[in-house]
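Q: Here is my input; please provide its structure:
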Amino acid sequence: PGDFLYPLDIALEEAQLFLTRTAEHRLELRVGFAQERLTEAEDAYANNETEHGEEALTLYENQLTAISDLQATASVEIPDDLQLIIDNSTKHNTTVLVGLLEKVPETAQAAILHAIEMSAGEKDTPPGQDDDFIPPGQDPEATPPGQDENFIPPGQEDKDTPPGQDPAKTPPGLEDKDKDKDVPPGQLKKTLEP
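A: The predicted model follows:
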């Protein structure tokens, strides 16, 4: 990171992955690329280039995600020797990250902690975020903006509601049905007749 040719290096790696025919070989490549990104992060932090270190860690995490996705979707079983390489690499990378954690400024520690979590397979929750966290605007129970909370999607209308009548509204003639609910149970409401 930081070198003007760095994006070209990443693009060449992506081209190499594109041209690779087997999932096993793609896994091998991605493990190597993850190792390379971690080495770049180490070098950047050693040179007090925090921004470049964080960039390399983000790319490292991207490789871990891709490795995990490939493992989950591989149509064939991963050979034992490749799985051993992946497992050993993961252990080594975690050790390197823990060592880095002790050497970097406090401002860089969150990125490293997140990379450690990713290495351990805890990919879904960003650092400092609760597992039950729902991002703003993504509450599945919230009413979408601009939509009435009583909205019923087409095709899911209440079958007992006559055509043209809003199922959320009380049908005509029944509005006063619950008018006397404020009367305590067991008491009759006195009405004054004119």
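Q: From now on I want contacts and neighbour counts done on CA atoms only, so please keep to that.
A: Noted.
Q: So for stretch 14-29, what gets flagged as buried?
A: 17, 23-24, 26-27, 29 (16 or more other Cα atoms under 10 Å).
Q: Quick one: end-to-end distance for it.
A: 10 Å (Cα to Cα, to the nearest Å).
Q: Which pair of the buried residues of stretch 14-29 spans the longest distance?
A: 17 and 24 (11.2 Å; Cα to Cα).
Q: With distance to residue 46 and pLDDT as new columns, can the buried residues of stretch 14-29 be given to me in JSON lines?
A: Converted to JSON lines, the buried residues of stretch 14-29 look like this (distance: Cα to Cα, whole Å; pLDDT from 0 to 100):
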{"residue": "17", "distance to residue 46": "30", "pLDDT": "94"}
{"residue": "23", "distance to residue 46": "34", "pLDDT": "87"}
{"residue": "24", "distance to residue 46": "33", "pLDDT": "89"}
{"residue": "26", "distance to residue 46": "30", "pLDDT": "92"}
{"residue": "27", "distance to residue 46": "29", "pLDDT": "92"}
{"residue": "29", "distance to residue 46": "26", "pLDDT": "95"}
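Q: I'd say residue 38 and residue 60 touch.
A: Yes - between residue 38 and residue 60 a contact is recorded at 6.2 Å, counting by Cα atoms under 8 Å.
Q: anything in contact with each of those two?
A: Shared contacts of residue 38 and residue 60 (Cα atoms under 8 Å, 6 or more residues apart in numbering): none.
Q: Mind jotting down where the helices sit in the protein?
A: 6-19, 23-46, 50-73, 80-101, 106-119 (DSSP state H).
Q: quick one: the last one to helix 80-101, angle?
A: Think helix 106-119. Between helix 106-119 and helix 80-101, the angle comes out at 160 degrees (axes from the mean of the first three to the mean of the last three Cα atoms, to 10 degrees).
Q: Good, wrapping up.
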